[in-house]
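Undergrad: prediction below, plus the sequence it came from.
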Amino acid sequence: MPPESAYLDWASQAPLHPAARNALLAAYDAGWADPARLHREGRQARLLYEAARETVAGALGVRPPEISFTGSGTAAAHLAILGGLAGRRRVGVHLITSQVEHSCVLHAAGAHEAAGGLVTRLAVDGAGRVPLVAFPPAPQTALVSIQSANQEIGTIQPVALLAQRCRAAGVPLHVDAAQSVGQLPVDANEWGVDLLTASAHKFGGPSGVGLLLVREGTRWVRPGPDDDRGDTRVAGPLNVPGAVATAAALVARISELAAEAARLHQLTARIRRQVAEQIPDAQLHGDPDPAGRLPHLVSMSFLYADGEALLDRLDRNGISAASGSACTASSLSPSHVLSAVGALTHGNLRISLGRDTTDAEVDRLLAVLPAAVAKLRADAGVTGL
């Protein structure tokens, strides 16, 4: 890495929070045994696991038995959607989601469709928000799955209003809160959702841990074979250290939220303002109102600039960022999110900040970015077009 570097891809993977690291190491020492066993070491591991579950439940405003730890946020979303559909099979096979969901949700929808189910993918407005006129769903709908905030452009969905309309129609709502938990106050009880999922590595927890919330009274059947180990919802042994570190990271992030949100809003507002002023033919995505988008994320596209080449040029200058679908660097397919909102899909750059992001790192980005875009346009022979 260059001597001066800036990690600006926190929405993809947040560095492990110091509180999570300490908890993880301690849990490896004290919680390594099988929590399903009745011996002393097993009981100790079980106590740690249940304490982690209680902590996460309290942070999300729900009861501990409603929380499960999964192998990833993707696994949690698949369990929530496919399990919610299985639990409502007698009602219908209709799933409602949106065109801008994370790929893990869209893949689950595709699997349901391939198995004979019906899927409606709602169009969104130019900011990426689901229009309320699309609700309430029909009572024959089995499940609605809508994200709380978008992973690429940061637009926040009106979850509480959507949940209210789903509840009035008697249709359960799953919310993918992977980008919200640890960035915004999330109270699943106040929102009124039936299923909620999140990913620990998005808020400073360890990789390979997801959160699955299934509210009491929600019809849900675990897809796949039964497993007599661990959690009744999740197959396989319990990851005690991962659960403990996830709980520690979540508590730490919640304590930082108020101060961090204000600081990050200021930094992202500065990025948006200076990019608009200094780079011709730049398009900024997401809700123009700061209250309607995540505080830490900026998405932009540049006409006549290649997104992957732009990432490479930034990386050579010590700046780590994301582009395209925000899920993989190997896919050359246009972003389905940008396509859905009618935005420029090439030359895309996603900047996401975190608790350690400094003013100097933002200064570095804003010093390098205009010249990087200009150089790419010059190399392509499109300067002045």
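TA: Here it is on my side, so go on. Numbering: from 1, shown residues only.
Undergrad: burial of residue 345, as a residue count?
TA: 18 (other CB atoms under 10 Å). C-beta coordinates here come from the backbone N, C-alpha and C atoms, glycine included.
Undergrad: gap between stretch 179-191 and the chain center?
TA: Centroid separation between stretch 179-191 and its chain, computed with CA atoms, centre = their mean, to the nearest Å, is 11 Å.
Undergrad: also stretch 7-27?
TA: 16 Å.
Undergrad: low-confidence regions, the stretch 201-350 of the chain specifically.
TA: Low-confidence segments of the stretch 201-350 of the chain (pLDDT under 70): 230, 324-332.
Undergrad: so how far is residue 69 from residue 30?
TA: Using CB to CB, to the nearest Å, residue 30 is found at 17 Å from residue 69.
Undergrad: and residue 174, by the same measure?
TA: Taking CB to CB, one finds residue 174 at 17 Å from residue 69.
Undergrad: and the residue nearest to residue 160 when sequence neighbours are not counted, what pLDDT?
TA: Leaving aside its sequence neighbours, residue 160 sits nearest to residue 191 (CB to CB, 6 or more residues apart in numbering; 5.2 Å). Note for residue 191: predicted pLDDT of 97.
Undergrad: of residue 30 and residue 69, which one has the most company?
TA: Legend: neighbour count by other CB under 10 Å for residue 30 and residue 69, higher for residue 69 (26 against 16).
Undergrad: buried residues in the longest helix along the chain?
TA: Using DSSP state H, we find that the single longest helix of the chain is helix 240-278. Neighbour counts over helix 240-278 (16 or more other CB atoms under 10 Å) mark 240-254, 260-261, 263-265, 267-268, 271-272, 275 as buried.
Undergrad: got the residue ranges for the strands in the stretch 251-385 of the chain?
TA: For the stretch 251-385 of the chain, applying DSSP state E, counting those that start in this stretch gives strands covering 282-284, 297-302, 319-320, 348-352.
Undergrad: distance from the shortest one to the middle of the chain?
TA: Pointing back at strand 319-320 there. When distances are taken as CA atoms, centre = their mean, strand 319-320 is centred 20 Å away from the chain's centroid.
Undergrad: contacts for stretch 221-232?
TA: Applying CB atoms under 8 Å, 6 or more residues apart in numbering, the contact partners of stretch 221-232 are 35-36, 68-69, 78-79, 82-83, 86-87, 233-238.
Undergrad: if you set the cut-off to 10 Å instead, what comes out?
TA: The contact list for stretch 221-232 (CB atoms under 10 Å, 6 or more residues apart in numbering) reads 34-36, 49, 53, 65, 67-70, 78-79, 81-89, 108, 111, 212, 214, 233-239.
Undergrad: could you flag which of those are buried?
TA: 34-35, 49, 53, 67-70, 78-79, 81-88, 108, 111, 212, 214, 233-235, 238-239.
Undergrad: residue 211: what secondary structure?
TA: Three-state call for residue 211 (DSSP: H, G, I helix; E, B strand; the rest coil): strand.
Undergrad: nearest residue to it in space, please, no chain neighbours.
TA: Counting by CB to CB, 6+ apart, the nearest residue to residue 211 once its immediate chain neighbours are dropped is residue 198, at 4.3 Å.
Undergrad: got the residue ranges for the helices in this structure?
TA: Counting by DSSP H, the helices of the chain are 18-30, 40-60, 73-87, 103-114, 159-169, 188-191, 240-278, 307-316, 336-340, 359-379.
Undergrad: can I get those in JSON lines with distance to residue 202?
TA: What follows is the helices of the chain, written out as JSON lines (distance: least, CB to CB, whole Å):
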{"stretch": "helix 18-30", "distance to residue 202": "12"}
{"stretch": "helix 40-60", "distance to residue 202": "14"}
{"stretch": "helix 73-87", "distance to residue 202": "7"}
{"stretch": "helix 103-114", "distance to residue 202": "13"}
{"stretch": "helix 159-169", "distance to residue 202": "17"}
{"stretch": "helix 188-191", "distance to residue 202": "16"}
{"stretch": "helix 240-278", "distance to residue 202": "10"}
{"stretch": "helix 307-316", "distance to residue 202": "20"}
{"stretch": "helix 336-340", "distance to residue 202": "17"}
{"stretch": "helix 359-379", "distance to residue 202": "20"}
